[in-house]
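S.K.: got a predicted structure here, sequence first:
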Amino acid sequence: MQAAAAPSVIPKKAPPFELEEATIAALGEAMASGRRTSRDLVHLYLRRIEEIDRSGPELHAVIELNPEALAIAEELDRERKQKGPRGPLHGVPVLIKDNIATADRMETTAGSLALVGARPAADAFLVSALRAAGAVILGKTNLSEWANFRSSRSSSGWSGRGGQTRNPYVLDRSPSGSSSGTGAAIAASLAAAGIGTETDGSIVSPASANGLVGIKPTVGRVSRSGVIPISASQDTPGPMARSVADAALLLAAISGNDPGDPATALAIGGIGEIAALLDPQGLTGARLGVVRSQGFGRHPAVDRAIEAALDAMRKAGAVVVDPVELAWSQEIRDAETVVLQYEFKDGLEKYLAALGPAAQVKSLRELIDWNLKNQDREMPWFGEEIFEASAARGPLTDEAYLKARAKCVEGARTLGLEATFAKDRLDAIVTPTSGPAGPIDWLHGDRPVGGTAALAAISGWPSITVPAGFALDLPFGISFTGPTWSEGKLIRIAYAFEQITKVRRPPRYLPTLDFTKERTPLPQAPKKTV
């Protein structure tokens, strides 16, 4: 695939699409009634990808299509006729991020040309789970190369292999990262739903920027086996969808114990019966703490939308504790940086060593050198200073690593979230997920937009983001974060919020923002009193 050109200012309208915003349940009903087959769905989504991703607005969200998708769908159609469906995902087309291994004819590259041709020996555990549930892996999505862990000046959604993913709401705006392609693709209805991965914000941030629901599970809820690693203590795959119900169905399908990932052995229970979780009254009695030190005061449109959301939740029966205090410091973020550098080197070295003789690189140092030799293709806009810093780290027995990891656990989890939840008897905390997306900028990199993902990321706790509002035509979300293994409770809260607000709307593929349409009033300075 050729790299995407710079975002165009020429409007390119998207053609009508009969499956736009279609839910997993609706697709299942269509197949159950005989009105549709899985093959029909795959064909329609492939055509949609051609019209929206490859041409038209040219999102560059899908890095590769599965050449076996139609054949797989046909086999699933035969199975449905003979035995009935395996479950709600039977025959449903989904997309997965290109850092998730598939042992088929597709590549697994994390967006890097250095991994082209290095085919994994087995499917990732979650891919096997999706196949067992009857889902059709339609293709792989583009991402911020190496899951946004190569350069501190990177542009979210850009990879050497896939080019620049664009935000379907406003094409010259960032899709956010690193699950950028999954976010843009699912927002544009290029598949029923998708899988992203997160180390610190890479599910919830692109979900927020693309008007989606994203679930960052408890670390250990979903296996990381076969996922190109960054951090053993923070990495987790998770679902991205246009509704809470679809995200919940996908999370249920990919959750489970995997002997290859010891973290999954710690999981306590499942997420619960999906039908019971999708309760419009799920906010009644829920104790929600508002952390005003996180994400508020960054953008007036976000602040207004979150205040309206809090009012709506109060009216729906939630007990809103506002504000709650949360111990948090820059020292925790600094410690996280050290932890990620150490764990990235350790995890990636093991992953590359297992790829076999076809791999172009077999160590982090070889990868750094490969990028330098191919910098015209791999580093035309930004470098690999995070790689260099990681390569300089030692083993996980180093005192610097052990101290940093202990700081993260104590500061973020024990003295931070756990203390706050115990003091205020909370079910979840509420924060803005992020602000509206900044412009795509290959010269300076991403613009900070006030994300709050680090709370859940560093602690290993689960969080879910739901669409909360728009600034002009740019969506943003609200996050609910809870204790480990509380995904079921968070889904219940998020579903009820979604039902009383119904904020999501499909993208319009605008070339740029129209600043004449609406003006956000600036906050007035308080009057002086004598």
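M.R.: Looks like it came in fine. Since the model is a prediction, treat every value here as computed from it, not as a measurement. Residues are numbered from 1 along each chain as shown.
S.K.: contacting residues around the nearest residue in space to Arg292 that is not next to it in sequence?
M.R.: Leaving aside its chain neighbours, Arg292 sits nearest to Pro323 (4.3 Å; criterion: Cβ to Cβ, 6 or more residues apart in numbering). C-beta coordinates here come from the backbone N, C-alpha and C atoms, glycine included. Residues counted as contacts of Pro323 (Cβ atoms under 8 Å, 6 or more residues apart in numbering) are 289-293.
S.K.: check which helix or strand covers Pro323.
M.R.: Per DSSP states H and E, Pro323 falls between elements, in no helix or strand.
S.K.: for this structure, longest helix please?
M.R.: As assigned by DSSP state H, the longest helix anywhere in the chain is helix 330-353.
S.K.: mind listing what's buried along it?
M.R.: For helix 330-353, a neighbour-count test (16 or more other Cβ atoms under 10 Å) marks 332, 335-336, 338-349, 351-352 as buried.
S.K.: give me the next element, helix or strand, following that helix.
M.R.: Moving toward the C-terminus from helix 330-353, the next helix or strand (DSSP H and E) is helix 364-373.
S.K.: so for the helix or strand that comes right after that next one, what's the average pLDDT?
M.R.: Using DSSP H and E, the helix or strand that follows helix 364-373 in sequence is helix 375-378. The average pLDDT within helix 375-378 is 97.
S.K.: quick one, phi/psi of the residue most central in space within the chain?
M.R.: The C-alpha lying nearest the average C-alpha coordinate of the chain belongs to Ile203 (Cα atoms, centre = their mean; 1.9 Å). Backbone torsions of Ile203, given as degrees, to the nearest 10, read phi -100, psi -50.
S.K.: tell me the contacts of it?
M.R.: Ile203 neighbours (Cβ under 8 Å, 6+ apart): 179, 196-197, 214-216, 238, 240.
S.K.: remind me which residues of the stretch 251-400 of the chain are low pLDDT?
M.R.: Residues of the stretch 251-400 of the chain meeting the criterion pLDDT under 70: none.
S.K.: tell me how many other residues surround Ser180.
M.R.: The number of residues packed near Ser180 is 37, by other Cβ atoms under 10 Å.
S.K.: now do it against Phe387, distance only.
M.R.: Ser180 sits 20 Å away from Phe387 when distances are taken as Cβ to Cβ, to the nearest Å.
S.K.: what do you get for Phe480?
M.R.: Counting by Cβ to Cβ, the gap between Phe480 and Phe387 amounts to 34 Å.
S.K.: those two: who's more crowded?
M.R.: Phe480 (27 against 22).
S.K.: wait, that one touches Pro462, no?
M.R.: No: the pair Phe480 / Pro462 is not scored as a contact, 9.1 Å apart, by Cβ atoms under 8 Å.
S.K.: joint contacts of the two?
M.R.: Any residue near both Phe480 and Pro462 by Cβ under 8 Å, 6+ apart counts here, and that gives Leu490.
S.K.: contacts only, for Lys423.
M.R.: Taking Cβ under 8 Å, 6+ apart, we find Lys423 in contact with Val324.
S.K.: again, 7 Å this time
M.R.: Shown in contact with Lys423 (Cβ atoms under 7 Å, 6 or more residues apart in numbering): no residues.
S.K.: next: Asp172.
M.R.: Contact analysis of Asp172 by Cβ under 7 Å, 6+ apart lists 7, 439-440, 511-512.
S.K.: what kind of secondary structure is Tyr45 in?
M.R.: helix (DSSP: H, G, I helix; E, B strand; the rest coil).
S.K.: an error on my part: the question was meant for Gly469.
M.R.: Going by three-state DSSP: Gly469 is strand.
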